[in-house]
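A.B. asks: structure for this input, please:
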Amino acid sequence: MSINRFPNDFMWGTATAAYQIEGAYNEDGRGPSIWDTFSHTPGNVKNGDNGNVACDSYHRLDEDIRLLKELGVKTYRFSISWSRVLPTGTGAINQKGLDYYHKLVDALIEQGIEPFCTLYHWDLPQAIQDQGGWGDRRSIAAFKEYAEVMFKEFGSKIKYWITFNEPWCLAFLSNYLGIHAPGYRDLQLAIDISHHILVAHGEAVKSYRELGLSGEIGIAPNTAWGIPYTQSEEDKATCLRLNGWSGDWYLDPIYFGEYPAFMLDWYEKLGHKPPVVEGDMQTIHQPIDFIGINYYTSSMNRHNERSGMLQAEYMNMGAARTDIGWEIYPEGLYQLLRYTADKYGNPDIYITENGACYNDEAENGRVRDQRRIDYLSQHLVQASRAIADGINLKGYMAWSLMDNFEWAEGYSMRFGLVHVDFDTLVRTKKDSYYWYKHVIANNWFELR
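C.D. replies: Reported below is the predicted structural model:
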């Protein structure tokens, strides 16, 4: 048995995203987003599911705040639905949308919970997509306008901001692999989008500083960790590309003002390059206050020229998996944190997502999800190790507060600490909820 302790000021939390939990997709002036369009198109989402109702958190806000309060979290990470506050992405503000988020933020503050706000968690207003979406540079100005509205409206209440959640997903998973909205399969488009969102990020950070707000602002890439199958130079280069695809490609321009050369060279070898215009890299290269790390899984890979764009062949090593099929490799979290700290000058880091999909159902009013407890505890051991190793890890946010609309998987995959019956919307606290509550209350846990 070992006891893992955390600093007294460690920010324990949990996280959600607007489209995954809110529902009320066409109420109180909200405009459609690309996820409304995508999920309403047959064949895009498992079982034809959509986020029309989701967890109905829009109408059950008080109940969900009580869940957070009882859990004892110090912070709650949520996202704003851009089209709920600006129905067409720009222009007229929807006051009822703002009122909802004021109610949420005020309730959190009243309960002593720090709001941790994500501006963009994938739900681009459809009106902007109709003009070319993130592939069109006009989206940069639209995002800047939206961010400034949010900063001016909530800057005195919200002290922690994330510009973009998982930019790799919104660029490549959505526009090269075609799995998420809007569902395109165009490598150059994905590279264009990855650049445009970085410029939009930089513009938002500049606006935040110019407004003189006193909080913190950062970005949250998703960074799975690729492990070389052998120590050959080819295998190591392959995994460097795999990791760089989702991490370095976004963080290097922010911290160093330039894209990583190994990724630029690779894209140029394939006949592609980012659409950089004069001034872009200076705009992206704005100091940020923290990096958010979203970590779920790692993979073993080797070089294979026939294995996709990155020439990375996945090697099945027989590791345990969660119910969504992702390998469980807790040490990858420590390795990722160590790499990030070493490369970017040991910045403040928050683990803004970490969790596991286990589809345990409620039986007699209880959800026994020991596998999730095991997963979380194994990863928290690595978080504790990182802190002991001098990494500036400031907080941990479990994904997710509750089972929700899991994007292209619909309602078939459950990540929550709270079980949601998607027919009745009844919430049931899982065993992992009570375990995490104990961790937060005591600032330590035992690994047996």
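
A.B. asks: use CA for all of it now, contacts and neighbours both
C.D. replies: Fine.

A.B. asks: pull the contacting residues for the residue lying closest to R385 once chain neighbours are set aside.
C.D. replies: With sequence-adjacent residues excluded and distances taken as CA to CA, 6 or more residues apart in numbering, R385 is closest to Y334, at 7.2 Å. By CA atoms under 8 Å, 6 or more residues apart in numbering, the contact set of Y334 is Q382, A383, R385, A386.

A.B. asks: just send those back as a markdown table, with secondary structure and distance to G345 too.
C.D. replies: Shown next, in a markdown table, are the contacts of Y334 (DSSP: H, G, I helix; E, B strand; the rest coil; distance: CA to CA, whole Å):
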| residue | secondary structure | distance to G345 |
| --- | --- | --- |
| Q382 | helix | 20 |
| A383 | helix | 18 |
| R385 | helix | 18 |
| A386 | helix | 15 |
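
A.B. asks: what subset of those is buried?
C.D. replies: Among these, those scoring as buried are Q382, A383, R385, A386 (criterion: 16 or more other CA atoms under 10 Å).

A.B. asks: contacting residues around the first one?
C.D. replies: Yep, that's Q382 we're talking about. So Q382 contacts P330, E331, L333, Y334 (CA under 8 Å, 6+ apart).

A.B. asks: so the last one sits in a helix?
C.D. replies: The reference is to Y334. Yes: under DSSP: H, G, I helix; E, B strand; the rest coil, Y334 sits within a helix.

A.B. asks: distance of it from L177?
C.D. replies: Distance, Y334 to L177, using CA to CA, to the nearest Å: 28 Å.

A.B. asks: try the second one
C.D. replies: In this structure, E331 and L177 are 28 Å apart, going by CA to CA.

A.B. asks: burial of the closest residue in space to E114 that isn't next to it in sequence, as a residue count?
C.D. replies: Closest residue in space to E114, ignoring its immediate chain neighbours: T75 at 4.4 Å, by CA to CA, 6+ apart. Neighbourhood size, T75 [other CA atoms under 10 Å]: 23.

A.B. asks: what do you get for T352?
C.D. replies: As a burial measure, T352 scores 27 neighbours (other CA under 10 Å).

A.B. asks: check E363 too.
C.D. replies: E363: 8 neighbours (other CA under 10 Å).

A.B. asks: look up how far K430 lies from it.
C.D. replies: Applying CA to CA, the value for E363 to K430 is 11 Å.

A.B. asks: again, but for G97
C.D. replies: Counting by CA to CA - G97 and K430 are separated by 31 Å.

A.B. asks: those two: who's more crowded?
C.D. replies: K430 (24 against 21).

A.B. asks: so the more buried one touches R414, yeah?
C.D. replies: No: K430 lies out of contact with R414 (CA atoms under 8 Å); the separation is 11.5 Å.

A.B. asks: need the overlap of contacts for these two.
C.D. replies: In contact with both K430 and R414: no residue, using CA under 8 Å, 6+ apart.

A.B. asks: which pLDDT value belongs to the most far-flung residue of the chain relative to its centre?
C.D. replies: The outermost residue of the chain relative to its centre, with distances by CA atoms, centre = their mean, is N364 at 33.1 Å. Note on N364: pLDDT of 93.

A.B. asks: and it, how far from T428?
C.D. replies: Distance from N364 to T428, by CA to CA: 11 Å.

A.B. asks: got it, and W12?
C.D. replies: W12 is 21 Å from T428, by CA to CA.

A.B. asks: more crowded one of the two?
C.D. replies: Of the pair W12 and T428, W12 is the one with more neighbours under other CA under 10 Å, namely 24 against 19.

A.B. asks: SS state for the more buried one?
C.D. replies: strand.

A.B. asks: longest helix of this protein?
C.D. replies: Ranked by number of residues, the top helix in the chain under DSSP state H is helix 187-210.

A.B. asks: now do the phi/psi pair for the spatially most central residue of the chain.
C.D. replies: The residue lying closest to the centre of the chain (CA atoms, centre = their mean) is N165, at 4.1 Å. The phi/psi pair for N165 (degrees, to the nearest 10) reads phi -100, psi 130.

A.B. asks: ok, now which ones touch it?
C.D. replies: With CA under 8 Å, 6+ apart, N165 has these contacts: T118, Y120, H121, W122, I219, A220, P221, N222.

A.B. asks: so which of those residues belong to strands?
C.D. replies: T118, Y120, I219, A220 (DSSP state E).

A.B. asks: buried among the residues you listed? Make that a PyMOL selection.
C.D. replies: Applying 16+ other CA under 10 Å to those, the buried members can be selected in PyMOL as follows:
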select buried, resi 118+120+219+220
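
A.B. asks: can you tell me which of the contacts of Q382 has the most neighbours?
C.D. replies: Comparing those on neighbour count, L333 comes out first with 27 neighbours (neighbours: other CA under 10 Å).

A.B. asks: wait, that one touches Q378, no?
C.D. replies: No: with contacts counted by CA under 8 Å, L333 stays clear of Q378, the gap being 10.0 Å.

A.B. asks: returning to what we had before: between the contacts of Y334, which is nearest G135?
C.D. replies: Of all the contacts of Y334, G135 sits closest to A383, with 36.6 Å by CA to CA.
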